[in-house]
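Below is the sequence, then the predicted model.
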Amino acid sequence: MELFQFLLCTGVREQEATFATWPDVNFHNKKFKVSEKFDLGFTPKDKEEGSIPIPDSMVALLQGRRLRYPNTRFIFPLPDGKPDGHMLRTLQQLAYRAGLNCGCCYNKSGRCCKDKAMCHHWGLHRFRKTFATMHHEAGVNT
């Protein structure tokens, strides 16, 4: 899924991906800009704005996505064009359908992740951690 590839290639936080817009992508310089969106009430954590280099494969993926969704403001919108605030739920549903849940997590109601899409091992922040680990191992300062 393109969203998860984007999270892995950029290391952005969930809210930064939720409010990612096409003007944030510089296809020529191969960078994604995390920026405040005053009209949406979005401010990056600790007001950390900045640009993130993105690999050629992600640039190509985003260019293809832009062609498929030419009239959207957000990169990963809901069908009605609004920001998708359910990215974690989507990830957990995909993990559950693929049979990847651990079967050991329980929620407050006593339901187990082997029977429901709610495994705590599947979180969007894992993509950020993996991004940081890959860059650390490659000797890249992040």
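Structure's in. What do you need?

Please work out how many residues are found near Lys33.
For Lys33, the neighbour count with other CB atoms under 10 Å is 15. All C-beta spots, glycine's among them, are computed from the backbone N, C-alpha and C.

same for whichever strand or helix holds it, what does it pack against?
Using DSSP states H and E, the element containing Lys33 is strand 31-34. Helices and strands touching strand 31-34, by 3 or more CB pairs under 8 Å, 6 or more residues apart in numbering; DSSP states H and E, are strand 25-26, strand 50-53.

If I look at the residue sitting furthest away from the middle of the chain, what pLDDT would I see?
What lies farthest from the middle of the chain is Gly110; by CA atoms, centre = their mean that is 29.1 Å. At Gly110, the model reports a pLDDT of 91.

Now do the same for it: helix, strand or coil?
Counting by DSSP: H, G, I helix; E, B strand; the rest coil, the backbone at Gly110 sits in coil.

Distance of it relative to Met118?
According to CB to CB, to the nearest Å, Gly110 and Met118 sit 12 Å apart.

next one: phi and psi at the closest residue to Asn107 other than its chain neighbours?
In this structure, Asn107 finds its nearest non-sequential neighbour in Met118, 5.8 Å apart by CB to CB, 6 or more residues apart in numbering. Per-residue torsions, Met118: phi -150, psi 20 (degrees, to the nearest 10).

Quick check, Met118 in contact with Tyr106.
No: between Met118 and Tyr106 there is no contact under CB atoms under 8 Å: 9.0 Å.

between the two, which one's more packed in?
Comparing Met118 with Tyr106 by other CB under 10 Å, the one with more neighbours is Met118, at 19 against 13.

so who does the more buried one touch?
If you count contacts by CB atoms under 8 Å, 6 or more residues apart in numbering, Met118 has them with Gln92, Tyr96, Cys105, Asn107, Arg111.
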